[in-house]
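A.B. asks: Here's a sequence, model it:
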Amino acid sequence: MLRTCILSAAALGLATGAAAAEEQELRFTLVITPVEEAPLPAAAEGQAVQASRSVGVATFEDGRTAFKEFVFLEAGDEESGELTGYSTYTFEDGDALHVKFTGGWSPDGLGGDYEVVSGTGAFADATGTGRFDAIGDSWERAMLLDGSFNLEVPDS
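C.D. replies: Below is the predicted model of the structure:
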């Protein structure tokens, strides 16, 4: 009886077209630059707080490119601090990933983590995480980073 129930449930899942998720790892290099920066009152002496809007271009290992727009808050000093914000990566075909990020900087470098919030097109209903890390001191008004997303995208 139990075996019949399990087989019936499996057949029902196949008959109703239960969607499986495709796992994707997207690795990229990113150049970013600030567009607008607004200093805010500091919470503590010696700390700077700033809201920023920035843009960039990500080049993915598979040859695709995406325009990145993002906003974030940062708080800290020259030595260390933290940041949090939201990004949209829009690919040339219009597909997009919307992600939240948290991170910070220290004498060891700048980096952080992504959490996928939503997506459109090929990334509709995507979930996942990711990582970004600065690659040295790039330029005065731009920064070079390595990044990756580990996604689960439902089959359509």
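A.B. asks: Roughly how far does Ala96 sit from Pro41?
C.D. replies: The spacing between Ala96 and Pro41, counted by CB to CB, to the nearest Å, is 34 Å. To be clear about C-beta, it is placed using only N, CA and C from the backbone, and glycine gets the same treatment.
A.B. asks: same check, this time on Gly85
C.D. replies: Taking CB to CB as the measure, Gly85 falls 19 Å from Pro41.
A.B. asks: same deal with Tyr89?
C.D. replies: If you go by CB to CB, the gap between Tyr89 and Pro41 works out to 32 Å.
A.B. asks: In the sheet, which strands lie alongside the longest strand seen in the chain, parallel or antiparallel?
C.D. replies: Ordering each strand of the chain by length in residues (DSSP state E) puts strand 21-40 first. Sheet pairing for strand 21-40, assigned by DSSP bridges, gives strand 48-60 (antiparallel), strand 143-154 (antiparallel).
A.B. asks: Reformat those as TSV; add distance to Phe123 and mean pLDDT.
C.D. replies: Output for the strands paired with strand 21-40, formatted as TSV (distance: least, CB to CB, whole Å; pLDDT from 0 to 100):
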stretch	distance to Phe123	mean pLDDT
strand 48-60	13	97
strand 143-154	6	96
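A.B. asks: out of those, nearest to Ala122?
C.D. replies: Set against Ala122 and scored by CB to CB, the strands paired with strand 21-40 come closest in strand 143-154, at 7.0 Å.
A.B. asks: Now find how far off-centre the closest one is within its chain.
C.D. replies: Strand 143-154 sits 6 Å away from the centroid of its parent chain (CA atoms, centre = their mean, to the nearest Å).
A.B. asks: for Ala38, what are its contacts?
C.D. replies: By CB atoms under 8 Å, 6 or more residues apart in numbering, the residues touching Ala38 are Gln50, Ala51, Ser52.
A.B. asks: That one bridge partners, please.
C.D. replies: Here Ala38, judged by DSSP bridges, has bridge partners Ala51.
A.B. asks: if I look at it, how far off is Val116?
C.D. replies: Taking CB to CB, one finds Ala38 at 27 Å from Val116.
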